[in-house]
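# One predicted model, sequence on top.
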Amino acid sequence: MGDKILTTEHLYAYYDQHCVLKDINMAIPKFKATAIMGPSGCGKTTLLRCFNRLHELSPGGRIEGKIRLRNTDLLSLNPIQVRRRIGMVFQRPNPFPTMSIYENVIAGYRLNGIKLSQNKADEIVEQALKKTALWDEVKDVLYRRGTFLSGGQQQRLCIARALAMNPEVLLLDEPTSALDPKATAHIEELIVGLKKSVTIVIVTHSIGQAGRVADYTAFLYLGELIEFGPTERLFTAPKDKRTEEYLSGKFG
Ligand SMILES: Nc1ncnc2c1ncn2[C@@H]1O[C@H](COP(=O)(O)OP(=O)(O)OP(=O)(O)O)[C@@H](O)[C@H]1O
Ligand SMILES: [Mg+2]
């Protein structure tokens, strides 16, 4: 699988006494896209939220075990730093409603109190919007509110906002589930292009989407990692009966 960027060792996640991730051992390969699949409630979102230290902000949220970012113990790092290095995009596009498109892209810097010269800020905004193929569509309306955009454009704006921080890993939690097929195809294309420079972890319920974008796929079931491997192998020759049943639509 080549270089690994994120590794978990005996990772457990809890909400109070309720254990929702059990003994997860996995290694996410660098500069690849990894899909996380599994029935509703199996812990996919929780796993992403562990990776960028959001889980511990949930009421009762607690982690046991290890997560490593490259060779560093991720749980010993400053969470703010972790979130700069590991960006996240959510299911529903959520641009900051009172901010312009420009302000949205640069928001991570402003919210972290990082000062940028006007030139540098302009450059970051342009680059991030180009990476999400939004630049040509919005370059003349940069000071309009982000919420004027279509759903697909708003989601690309949220991806641009995450990319503006130059993260090493981009976590995408069902990023297209609120979008139409055309906007979905656009985002899938972006993901395939982005993984040359950023490692992607994407939660998806769509087997088609995982097949199109993900080099590797993990299958979670009731909080356990059942199977993890190259997407094509997992889809064509699953080793575990539960993976096979999930893929054939027998449950959720
Ligand atoms: N804030 C919370 N407080 C308590 N329990 C929670 C909380 N969020 C999630 N859970 C529980 O943790 C488990 C895993 O939830 P999670 O959201 O990670 O699942 P998921 O795989 O992302 O599901 P979906 O496909 O529906 O998004 C579920 O049993 C859920 O009820
Ligand atoms: Mg979820």
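Cool, the structure landed. Ligands and ions are numbered 1, 2, ... in the order given.
# which residue does the stretch 51-200 of the chain bring closest to ligand 1?
Of the residues in the stretch 51-200 of the chain, the one nearest ligand 1 is residue 58, at a distance of 4.6 Å by CB to the nearest ligand atom. Every C-beta, even on glycine, is put in place using the N, C-alpha and C of the backbone.
# Spatially, what comes nearest to that residue if we skip its sequence neighbours?
Among residues not flanking residue 58 along the chain, residue 15 sits closest, at 6.5 Å (CB to CB, 6 or more residues apart in numbering).
# The one you found pairs with what?
On DSSP bridges, the residues paired with residue 15 through beta bridges are residue 18, residue 61.
# show me the contacts for it.
Residues in contact with residue 15 (CB atoms under 8 Å, 6 or more residues apart in numbering) are 58-62.
# Compare the residues you listed and tell me which is most surrounded.
Among those, residue 61 has the most neighbours (other CB atoms under 10 Å), with 18 neighbours.
# Which parts of the stretch 151-252 of the chain are strands?
169-173, 199-203, 216-221, 224-230 (DSSP state E, counting those that start in this stretch).
# can you redo those as CSV with distance to ligand 1?
Formatted as CSV, the strands of the stretch 151-252 of the chain follow (distance: least, CB to the nearest ligand atom, whole Å):
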stretch, distance to ligand 1
strand 169-173, 7
strand 199-203, 7
strand 216-221, 7
strand 224-230, 12
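# Need these in JSON lines (columns: mean neighbour count).
Supplementary listing: the strands of the stretch 151-252 of the chain in JSON lines, determined by neighbours: other CB atoms under 10 Å:
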{"stretch": "strand 169-173", "mean neighbour count": "24"}
{"stretch": "strand 199-203", "mean neighbour count": "24"}
{"stretch": "strand 216-221", "mean neighbour count": "24"}
{"stretch": "strand 224-230", "mean neighbour count": "18"}
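# ok, back up a step: what pLDDT does the model give the residue of the stretch 51-200 of the chain closest to ligand 1?
Per-residue pLDDT puts residue 58 at 96.
# Please apply the same query to residue 250.
At residue 250, pLDDT is 81.
# With residue 112 instead?
In this prediction residue 112 is given a pLDDT of 88.
# Could you double-check that it lies in contact with residue 84?
Yes: using CB atoms under 8 Å, residue 112 is in contact with residue 84, at 7.1 Å.
# Could you export the strands of the stretch 151-252 of the chain to TSV, including columns for distance to residue 70 and mean pLDDT?
Output for these, formatted as TSV (distance: least, CB to CB, whole Å; pLDDT from 0 to 100):
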stretch	distance to residue 70	mean pLDDT
strand 169-173	10	98
strand 199-203	11	98
strand 216-221	18	98
strand 224-230	19	98
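# would you list these in a markdown table and tack on distance to residue 67?
Output for those, formatted as a markdown table (distance: least, CB to CB, whole Å):
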| stretch | distance to residue 67 |
| --- | --- |
| strand 169-173 | 11 |
| strand 199-203 | 12 |
| strand 216-221 | 15 |
| strand 224-230 | 14 |
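# Quick one: end-to-end distance for stretch 225-243.
From the first residue to the last, stretch 225-243 extends over 10 Å; the measure is CA to CA, to the nearest Å.
# repeat for stretch 12-19
This stretch, stretch 12-19, spans 7 Å end to end (CA to CA).
# Show me which residues of the stretch 1-150 of the chain sit near ligand 1.
Near ligand 1, the residues belonging to the stretch 1-150 of the chain are 15, 18, 20, 38, 40-46, 58 when assessed by CB under 6 Å from any ligand atom.
# What subset of these is buried?
When neighbours are counted using 16 or more other CB atoms under 10 Å, those contain these buried positions: 20, 38, 42-46.
# Among these, which one lies nearest to residue 137?
residue 45 (29.5 Å; CB to CB).
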